[in-house]
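>>> Compute the structure for the input listed below.
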Amino acid sequence: MSYNINETFIIQTVDSFEPTFTACTGVYSNAFLSCSGNTSILLGTSTIEFFGNMFTNNNFSGNTITATNYFSGTTNLTNVIDSKSITGGTYNNQTLTIKIKNGSQITITGFTDVFVTGGTYNNGTVVFTNNTGGTFNIGGLFTGNTDVFVTGGTYNQNTSVATFINNTGGTFTLSGFSTSTQFTGGTVTGSTIFTNGLSTNTISATTYQNLPKDIFVTGGTYSAGTAVFTNNTGGTFNVSGFQSPTFQLIREIRIVSVTSTTVPSYVTELVGNQVSFTITGLDGNTHRCYKIDARIVNGAASQDSILWRFNGVTTGGLYDYNRTELTQGLPLGGAQQSAQNFIVTSTINASAVNIFTASIEAQTGANRIGNITVGRSSNSQQSTDFNTQATFVFRDNSTNLTTFTWTSIGGNMRYGVGTIIRIFGIVG
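You can find the predicted model right below:
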């Protein structure tokens, strides 16, 4: 069943009022048309909602109008209003610049900075003057009183109370002062004098005055067990009691025809001519450096060269030496010998005596460069007629020196009776 009604209703005037149509039920129509005059549609006093678009050729009014979009013709007024909204602004040098959302801006000038430049007070009223020359007053301030201020005071150490006196003769007291003489923390500003001393873990200041000078040692000398040090003020002080390193006899080898009844513990006696022998029991790390004094007698009838080795090392390339023989100041011969497995101290004639001294660093890792000075005579009765000077290197310093071995190159000589070799080490 259909209820659609397609009719035209003519509404006539009721009494003297304009044409009126009322209904309490729903009325559906494509249009409400006025035949003549004005047509009023009264829709009540509550909220009225229109679904869809709403058009008017004249005015449309209401206390509140809410819509998604507002159009004037085809122009969306919502976008126009939004594009004209203010997004911010700046003020500089009496000019206000207002920024608009659409990118434009409005500039307003002519501002005047008016500020107070001074003022006077009289009987409860302050008259302020601004930079334009204008004035304004503030009255009602409290009057009729006297300026009361502190003129002095006293402090009682027994009661820890301070009594202050003002300009009217009145007094007031303050108590609760700490009588402790110790700081528990804080910062001291300004000059401070501590009369009974100062003890603290840390003192920090920008400037320190009247502190002792930084006195430090600038040099010194050593003599006979006493060091004399000089400081930066020119003063000196002594440190004594040093033990000067001295050489002490460590080992001694004697070649004899008959052994002695008693000998010191550091002495070893060998009986008769010796082809070679080794001195043991040395400790280079303890003695640091060894000095050798030797008197060697060739007990054989043949000439040969004295050969010397350390720690029993016979590896080639670990011994270098440079030997020069001199007589009456003139060189007789000798040359640099490298990559050997021995050191030749000198050549010794048959039945001759060689007297020589030598020294060598003995510690592990030491730079083992040694020196030898040899005096040689043609026989045991004659004085020295020419000598040998030599320098040598023992390249194996992986351990300290513990043994010295003497032999000969050709095996012809014999260390004969009367030979004495003494080993001295540093003590102290």
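>>> got the domain boundaries for the protein?
With domains defined by automatic domain parsing, the chain comprises 1-85, 145-175, 212-242, 247-427.
>>> Lowest mean pLDDT across these, which one is that?
The minimum mean pLDDT among those belongs to domain 1-85 (a mean of 62).
>>> Which strands or helices does the longest strand seen in the chain pack on?
When the chain is parsed with DSSP state E, its longest strand is strand 246-256. With contacts defined as 3 or more CB pairs under 8 Å, 6 or more residues apart in numbering; DSSP states H and E, strand 246-256 has these neighbours: strand 267-271, strand 277-279, strand 289-297, strand 420-427. Glycine gets a C-beta too; all of them are placed from N, C-alpha and C.
>>> what does the shortest one contact?
By CB atoms under 8 Å, 6 or more residues apart in numbering, the residues outside strand 277-279 that reach it are Arg251, Ile253, Thr268, Leu270, Gly312, Thr403, Phe404, Thr405, Trp406, Tyr415, Ile421, Ile423.
>>> Got a ChimeraX select line for the buried ones in the residues you listed?
Applying 16 or more other CB atoms under 10 Å to those leaves a buried subset, and the ChimeraX line that selects it is:
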select :251,253,268,404,405,406,415,421,423
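>>> As TSV, the contacts of strand 277-279 with distance to Gly133 would be great.
Conversion of the contacts of strand 277-279 to TSV gives the following (distance: CB to CB, whole Å):
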residue	distance to Gly133
Arg251	117
Ile253	123
Thr268	124
Leu270	129
Gly312	117
Thr403	115
Phe404	115
Thr405	119
Trp406	122
Tyr415	128
Ile421	120
Ile423	114
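>>> tell me the contacts of Thr407?
Contacts for Thr407 (CB under 8 Å, 6+ apart) come out as Val275, Ser276, Leu307, Arg309.
>>> any chance you could map the helices in the stretch 201-350 of the chain?
Chain-ordered helices for the stretch 201-350 of the chain, with DSSP state H, counting those that start in this stretch as the definition, fall at 284-287.
>>> about what we covered before: what lines up beside the longest strand of the chain in the sheet?
Based on DSSP bridges, the pairing partners of strand 246-256 within the sheet are strand 267-271 (parallel), strand 420-427 (antiparallel).
>>> Thr195: which of those is closest?
Distances from Thr195 to each of the strands paired with strand 246-256 were compared by CB to CB, and the smallest falls on strand 420-427, at 57.6 Å.
>>> tilt between the closest one and strand 289-297?
170 degrees (axes from the mean of the first three to the mean of the last three CA atoms, to 10 degrees).
>>> what about strand 420-427, distance to the chain center?
With CA atoms, centre = their mean, to the nearest Å as the basis, the distance from the averaged C-alpha position of strand 420-427 to the chain average is 52 Å.
>>> Could you pull out the buried residues of it?
Ile420, Ile421, Arg422, Ile423, Phe424, Gly425, Ile426.
>>> and if you look at stretch 259-270?
Thr268.
>>> Start the count at 240 instead of 1 going forward.
That works, and once the first residue is 240, the last one we named lands at stretch 498-509.
>>> What lies in contact with it?
Contacting residues not belonging to stretch 498-509 are listed as Leu488, Ile489, Arg490, Glu491, Ile492, Arg493, Ile494, Val495, Val510, Phe516, Ile518 [CB under 8 Å, 6+ apart].
>>> and the end-to-end length of that stretch?
With CA to CA, to the nearest Å as the measure, the ends of stretch 498-509 fall 8 Å from one another.
>>> now swap in stretch 517-535 and tell me
Counting by CA to CA, you get 14 Å between the two ends of stretch 517-535.
>>> How about stretch 478-494?
46 Å.
>>> now it: how far from the chain's centre is it?
In terms of CA atoms, centre = their mean, the centre of stretch 478-494 is set 48 Å apart from its chain centre.
>>> and what of stretch 339-356?
Between the mean C-alpha point of stretch 339-356 and the mean C-alpha point of its chain there is a distance of 55 Å (CA atoms, centre = their mean).
>>> now swap in stretch 325-335 and tell me
51 Å.
>>> just stretch 530-547 next, same as before
Computed by CA atoms, centre = their mean, the chain-centroid distance of stretch 530-547 equals 64 Å.
>>> and it, which residues are buried?
Of the residues in stretch 530-547, 530-533, 535-539, 542-547 count as buried by neighbour count, 16+ other CB under 10 Å.
>>> got the contact list for stretch 387-394?
Contacts of stretch 387-394 with the rest of the structure, by CB under 8 Å, 6+ apart, involve Val400, Ala401, Thr402, Phe403, Ile404, Asn405, Asn406, Thr407, Gly409, Phe416.
>>> From what I see, the third one and Thr410 are in contact.
Put plainly, it is Thr402. Yes - in this structure Thr402 lies within contact range of Thr410 using CB atoms under 8 Å: 5.7 Å.
>>> Only alpha carbons, please: show stretch 544-551 as CSV.
The C-alpha coordinates for stretch 544-551 follow below in CSV (Å, rounded to 0.1, in the frame of the first residue of the first chain):
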residue,chain,number,x,y,z
SER,A,544,149.6,-18.1,21.7
ILE,A,545,147.5,-17.9,24.8
LEU,A,546,143.9,-18.7,24.2
TRP,A,547,141.0,-17.5,26.4
ARG,A,548,137.3,-18.5,26.5
PHE,A,549,134.2,-17.7,28.6
ASN,A,550,131.5,-20.0,30.0
GLY,A,551,133.0,-22.9,27.9
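>>> that older thread, output the strands paired with strand 485-495 in TSV, with distance to Ser300 appended to each entry.
Supplementary listing: those in TSV, determined by distance: least, CB to CB, whole Å:
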stretch	distance to Ser300
strand 506-510	140
strand 659-666	124
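>>> what's the closest of those strands to Gly464?
Distance to Gly464, taken as CB to CB, is lowest for strand 659-666 among these, at 14.4 Å.
>>> just to revisit the earlier point, could the helices and strands packed on strand 485-495 be laid out in a markdown table, adding distance to Ser637?
Supplementary listing: these in a markdown table, determined by distance: least, CB to CB, whole Å:
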| stretch | distance to Ser637 |
| --- | --- |
| strand 506-510 | 27 |
| strand 516-518 | 20 |
| strand 528-536 | 17 |
| strand 659-666 | 20 |
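>>> Can you check which of those strands gets nearest to Thr441?
Here strand 659-666 is closest among those (CB to CB), at 48.0 Å.
>>> hmm, who's touching that closest one?
484-494, 518, 521-522, 525-535, 601, 643, 645.
>>> switch to 6 Å and redo it
When contacts are taken as CB atoms under 6 Å, 6 or more residues apart in numbering, the neighbours of strand 659-666 outside the stretch itself are 484-493, 526-534.
>>> Thank you, goodbye.
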